[in-house]
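Enquirer: Curious how this folds, go ahead:
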Amino acid sequence: WDRNEKQIDLRALNVDLVESSGTTLINTPEVNVSLSVFALMRGVVALSSVELQDVDIKLVRREDGTFQIFRKTDPGPVDDSDGKPAEFTETALHVFKVLASEPDHQTPLSYLKRLYVNGSLELDDQLTGLNWDAHAVESLLVGHNGVIKGDLGVSFSSPKVLEAVHTDIALTVKGDDVSARLEFSGIDPARLADADPRLVALEDLDMVLGGTVDTELTLPDRVNSLTANIQGGAGRVSYQDYFTQPLRVNSLGLQVSADVHGKSLQVSSLDVSIGDEASPLILNVSGSAQVLEDTVALKLDTGLQQLKVNEFDLYWPKGVAKGARNWLVNNMKAGTVDSAKLDLAMQVPTGPEAKFQLDELKGTVAYSELTVEYFGALPPATGVTGSGTFDQRGFDLDVTRGVVNGVSIQPGKVVISGLNNKKAAISVNTQLNGQLDNLFAVLESPPLELNFSTYTGVVSDHLAGQVASGFSIALPLKAGLTGQEVQYEARGKI
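Expert: Residues are numbered from 1 along each chain as shown. Here you go, the predicted model:
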């Protein structure tokens, strides 16, 4: 007798819970129940609380997506008959309705407001051919004023990928509306592909994840909203089709929401720290993903900070804007992209016949202290600082300062075009200030070879003095360039 709770507690051993059809639904070695005193005063024997100990249940998802519930000792699915196992959805709905109902002396089960179960749960997923075994399951459902609140803790023994995973679920049920929060830890996404072939894209992501998933649904099976907040620790990404070597990841944070019926995903934020922890590359991504027949359509808004240009080869995915990638990897030797914003739209294959397709690539960039070997044996430009825009065709850059062979580059414009069609070209329009002999040393370097003595009769090695000049030059970026293919103009004071 519990005076505070106004209930009578009883204990029973080796109990079968039987449906009205006669089918044994659950067998448990111990049941603790509480009788409602309020119901007894009305002449009704009614349970207010039930605790089921060491319950072993098998849940089967059939090929049509529906569920059935069995005792683990049962052989499994049976043909439709009077003794068929209970439909899980129907059973769950009945439990929820009982817990949420107002006490009614004509309906004894309506007094039940607390249900506790511990034991084990096996899920036989015939739709995917997978088997999941949770060796420790503890759940508690409490109903009050038409609302159900519950907690569920699960630890897995198989598949092995989930051995270190623990989950806790908190849920609220009001009528047919359910709100649930799943907290999880210890998930290794690289091993999930072993459990479900549809998750093969995760096999190259090596880190441990934890976080929360929140969902709103309408019983029996309509998901109205699904959001997730996922955190990842140190690990690495090794997608060989896109990156030349594995990428070191320091941390990861992801916030997403899903439209299950529309097969789409909205990424509110993806924040990743990559590379050296002392000076990492910081990546911020938002966007969307739409599942199509054999591809996933991605639209991403990406921001990054502190990218060292000599690491373009590591971080710029192979196959994405190949022309721009090749030019940058081969010609950028030092310096930093201080910040960049990238708008990216692409089709990522999920089927064997599909191919990667880049639909759009554009953005803005700010850079500092670059060393650029822009063509052939020409002296490199150093200390180049500025900002600009880019797309898959090329770059439109505003240069605020830089130096070429001791000649100062004043504010000017650099345009690199044709990177998408193998007709790459560069044009420079700027102001130059420096020693005359240094400037002509650049102009007479191959492949320009603009021989000053041919036009003036004066050998450039014999020149000295200062030059302040407006200067423009345009040339194709190709092998075997000749002087006739170079257009240039200079006006200034010597």
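Enquirer: And the contacts of the helix or strand that Asn118 is a member of?
Expert: When secondary structure is defined using DSSP states H and E, the element that contains Asn118 is strand 114-125. Contacting residues not belonging to strand 114-125 are listed as 28, 34, 48-61, 72, 76, 95, 99, 131-143, 154 [CB atoms under 8 Å, 6 or more residues apart in numbering]. Placement of C-beta: from N, CA and C, glycine included.
Enquirer: residue ranges for the strands of the stretch 301-450 of the chain, please.
Expert: All strands of the stretch 301-450 of the chain, identified by DSSP state E, counting those that start in this stretch, fall at 332-349, 357-372, 381-391, 394-404, 407-409, 412-417, 425-435.
Enquirer: ok so, going back, okay, buried residues for the strand holding Asn118 please.
Expert: Neighbour counts using 16 or more other CB atoms under 10 Å place Arg114, Leu115, Tyr116, Val117, Asn118, Gly119, Ser120, Leu121, Glu122, Asp124, Asp125 of strand 114-125 among the buried residues.
Enquirer: residues contacting Lys149?
Expert: When contacts are counted by CB under 8 Å, 6+ apart, Lys149 is found next to Leu141, Val142, Ala170, Leu171, Thr172.
Enquirer: Check Gly275 too.
Expert: When contacts are counted by CB under 8 Å, 6+ apart, Gly275 touches Leu247, Arg248, Asn250, Leu281, Glu311.
Enquirer: and the gap between it and Ser469?
Expert: From Gly275 across to Ser469, the span is 41 Å (CB to CB, to the nearest Å).
Enquirer: same deal with Phe356?
Expert: 46 Å.
Enquirer: So if I had to pick from those two, which one is more boxed in?
Expert: Remark: of Phe356 and Ser469, Ser469 carries more neighbours, 19 against 15, as counted by other CB atoms under 10 Å.
Enquirer: what helix or strand does that one sit in?
Expert: Assigned by DSSP H and E, Ser469 falls within strand 466-476.
Enquirer: by contact count, what packs against the helix or strand just after that strand?
Expert: Next along the chain after strand 466-476, taking DSSP H and E as the criterion, comes strand 487-493. Contact partners of strand 487-493 among helices and strands, from 3 or more CB pairs under 8 Å, 6 or more residues apart in numbering; DSSP states H and E: strand 466-476.
Enquirer: I'd like the average pLDDT over the strand it packs on.
Expert: Strand 466-476 carries an average pLDDT of 83.
Enquirer: So what are the sheet partners of it and their directions?
Expert: Looking at strand 466-476 with DSSP bridges, its partner strands are strand 425-435 (antiparallel), strand 487-493 (antiparallel).
Enquirer: which outside residues touch it?
Expert: When contacts are taken as CB under 8 Å, 6+ apart, the neighbours of strand 466-476 outside the stretch itself are 375, 407, 423-436, 439, 448, 481, 485-494.
Enquirer: how about that strand: buried residues?
Expert: Those buried within strand 466-476 under the rule 16+ other CB under 10 Å are Val467, Ser469, Phe471, Ile473, Ala474, Leu475.
Enquirer: Could you export these as a markdown table, including distance to Leu292?
Expert: Rendered in a markdown table, the data for the buried residues of strand 466-476 read as follows (distance: CB to CB, whole Å):
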| residue | distance to Leu292 |
| --- | --- |
| Val467 | 59 |
| Ser469 | 55 |
| Phe471 | 50 |
| Ile473 | 46 |
| Ala474 | 42 |
| Leu475 | 43 |
